[in-house]
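1. give me a model of this one.
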Amino acid sequence: MLLTVVALIGQAQQWDFISWHRIEAKGDLTKDLKASVQQQIRLNRNSTYFDETFTELGLGYDLPKGFEVEGAYRLSWNQNENGSFSTGHRYNLDVGYSEKFWKLKADLRGRFQHAPSIYFFNDRLEPDDSPMFVRLKFSLAYRKLDKLTPGVEFETFIRLEDPRYAGINKYRYRVFLEFNLPKRQEFEVFYMIQTDYSNTFPEYQNVVGLKYAYEWKRPKRKKKKDE
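-> Residues are numbered from 1 along each chain as shown. Below you'll find the predicted structure:
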């Protein structure tokens, strides 16, 4: 009996150590329009097994009073259990709001996310092949240190399209530290705990991430000389 209980507890607490590595370039195209491109690699199984790599393109627009809208497209390559690779697509639409007060900066973001199935136009579509989520994220950062910005973040995932898994089934708790480098460069390290309740037994993941970002400067218009 005791061995059975221990075995069930071991199954019910499935932990994995994951690492994410990201390079990003971002900046303004116009006064209110901005763009970004990133490349990311993710490792799982205690960071010894290649899981996924993807390229993501984003375009955002600043609205009045701290609001913004943004859209992004992701092209990914995932390694399957048998060692083969599959291609995936994903797009998301975001609405965000930022507010600065005292020495803090608060950010709220709502996201609609959809990963279309590769079988979208035939009869082999399975529920798990085309997941849709609404994601809600809140972050708070301390912004008055010289070249460091520490912060915390919380996010929930709400499944939409599949009645079996509808509702909140994933949480993320993250702490991060940003380093402001010279010439509009930035380095970030973070630690995150992700809990996933969409399967029979919940999954818990420890994620350590590294990010390098470069922000380009919007070119100034040259003034025309008077003839």
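2. and the lengthiest strand in the chain, C-alpha only, in CSV?
-> Ranked by residue count under DSSP state E, the longest strand found in the chain is strand 85-101. Extracted as CSV, the C-alpha positions of strand 85-101 are listed here (Å, rounded to 0.1, in the frame of the first residue of the first chain):
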residue,chain,number,x,y,z
PHE,A,85,10.9,17.3,-36.6
SER,A,86,7.6,19.0,-37.3
THR,A,87,6.8,22.6,-38.4
GLY,A,88,4.3,24.7,-36.4
HIS,A,89,2.6,28.1,-36.9
ARG,A,90,1.2,30.4,-34.3
TYR,A,91,-0.2,33.9,-34.2
ASN,A,92,-1.3,36.1,-31.4
LEU,A,93,-3.1,39.5,-30.9
ASP,A,94,-2.3,41.5,-27.7
VAL,A,95,-3.8,44.5,-25.9
GLY,A,96,-1.5,46.0,-23.2
TYR,A,97,-1.5,48.8,-20.7
SER,A,98,1.4,50.3,-18.8
GLU,A,99,1.4,52.6,-15.8
LYS,A,100,4.3,54.2,-13.9
PHE,A,101,4.0,55.2,-10.2
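3. same for the helix or strand following that strand, what does it pack against?
-> Sequence order places strand 104-114 as the next helix or strand after strand 85-101, per DSSP states H and E. Helices and strands touching strand 104-114, by 3 or more CB pairs under 8 Å, 6 or more residues apart in numbering; DSSP states H and E, are strand 85-101, strand 132-142. In this view, the C-beta of every residue, glycine as well, is placed from N, C-alpha and C.
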